[in-house]
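Trainee: Just to be clear, the model below is a prediction. Sequence and coordinates:
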Amino acid sequence: MTSKVQHRLAYGLLSPTLVLMVLSGLVPFALVIYFSLHDTFAGEHYIWVGTIWYEQVLGSAEFHAALLRSLGFSILALAIQLPLGIYIALKLPSQGLLSKFYIIIFAIPLLMPVIVVGYIWKFLVLPKIGLLSEFVTLLGWNYDLNDPVVVWITLIVMDAWHWTSLVVLLCFAGLRTIPDAYYQAAAIDGAGRWAIFRHIQLPKLRLVLMIAGLLRFMDSFIIYTEAYVLARGGPGVSTNFLSLELMQTATIQFDLGEGGAMAVIYATIVVVVAWLFFSRIIPSQSMKSQEGT
């Protein structure tokens, strides 16, 4: 079989998936863009309004507050999960049955749907019957889901429990790729653990950490299910993240125009962050690796 035939066969096998992706992703998004440029309350025929909905969203104090909450949550999640994931990965045994056992254990949270994780933690923190809330109360702390600080701490801990494993597994895989020759040279030079981490392990993990950081930012920035299940965006609007603000606008108020504009802005932020990563960071990393060789 020639290479051209193989390529055609590969594209033929991929085409159903590509068509499905277009129909399930691009078509709905195009419809959202259409809604964001029209007045959907105008009756049977929508009226073109241009960028009015975008101006209204960008000038909304509620949108700015929700955006800051989402960014704040993402920053806290990254600040906790990246260092914790690196530390755990460094402590894991590099080989043997125990290493495989830990990999399986850390993979379990990643296999759980977010709705399941949300309800597990919801039951853990229920007043009077929740194991976690009762344990915290026994320690002398007042665990009250009507306190915004308590809800934020719970969401941060929940997200860390669910997704730190991703950082652990990525860093563990990155550490396994470091040749033993580096460690042998460090041992000859009398380097300690901190020196090995700073000059060998951390530079080699840089690209892995960038990928982990990007994945965790994108995922934490669009948090919805956990916050909705735990507190419905409350107490008040303390956990009313951008995703919940979008849901309320588009589905509860049924304002498809403003909701569509908010969705486009939301998606644009995520796409721009991803584009900056792939267009700036990865090429510079490739140039460094080429210079090293």
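Mentor: Perfect, thanks for sending it. On a predicted model such as this, the values are computed, not experimentally measured, just so you know.

Trainee: what about the closest residue in space to Ile129 that isn't next to it in sequence, how many residues close to it?
Mentor: Nearest-residue entry for Ile129: Phe123, 7.9 Å, with adjacent residues in sequence omitted and distances by CB to CB, 6 or more residues apart in numbering. (Each C-beta comes from the backbone N, C-alpha and C, glycine too.) Neighbours of Phe123 under the rule other CB atoms under 10 Å: 13.

Trainee: Next secondary structure after whichever strand or helix holds Pro16?
Mentor: Secondary structure from DSSP states H and E places Pro16 in helix 3-21. As assigned by DSSP H and E, the chain's next helix or strand after helix 3-21 is helix 27-36.

Trainee: That following helix: what's the following helix or strand?
Mentor: strand 38-39.

Trainee: and that following strand, average pLDDT?
Mentor: Averaging pLDDT along strand 38-39 gives 86.

Trainee: ditto for stretch 190-201
Mentor: Rounded mean pLDDT across stretch 190-201 is 86.

Trainee: Can you give me the buried ones in stretch 160-177?
Mentor: Neighbour-count burial for stretch 160-177 flags 160, 162-172, 174-175 (criterion: 16 or more other CB atoms under 10 Å).

Trainee: no wait, stretch 92-108
Mentor: Result for stretch 92-108 [16+ other CB under 10 Å]: buried residues 92, 102, 106.

Trainee: ok, for the first one, nearest residue in space, not its chain neighbours?
Mentor: Here the nearest residue to Leu92 in space, its sequence neighbours aside, is Tyr102; by CB to CB, 6+ apart that works out to 5.3 Å.

Trainee: for the helix or strand hosting that neighbour, packing partners?
Mentor: Using DSSP H and E, Tyr102 falls within helix 97-111. For helix 97-111, the elements it packs on are helix 148-176, judged by 3 or more CB pairs under 8 Å, 6 or more residues apart in numbering; DSSP states H and E.

Trainee: Now the element after the helix it packs on, going C-ward?
Mentor: Next along from helix 148-176, by DSSP H and E: helix 180-188.

Trainee: Now do the helix or strand following that following helix: which elements does it pack against?
Mentor: Per DSSP H and E, the first helix or strand lying C-terminal to helix 180-188 is helix 193-196. Using 3+ CB pairs under 8 Å, 6+ apart as the contact test, the elements touching helix 193-196 are helix 180-188.

Trainee: Just the buried positions in the helix it packs on, please.
Mentor: For helix 180-188, by 16+ other CB under 10 Å, it's Ala186.

Trainee: Stretch 24-33 too?
Mentor: Neighbour-count burial for stretch 24-33, counted by 16+ other CB under 10 Å, picks out Val32.

Trainee: pLDDT (mean, whole number) over it?
Mentor: For stretch 24-33, the per-residue pLDDT averages 85.
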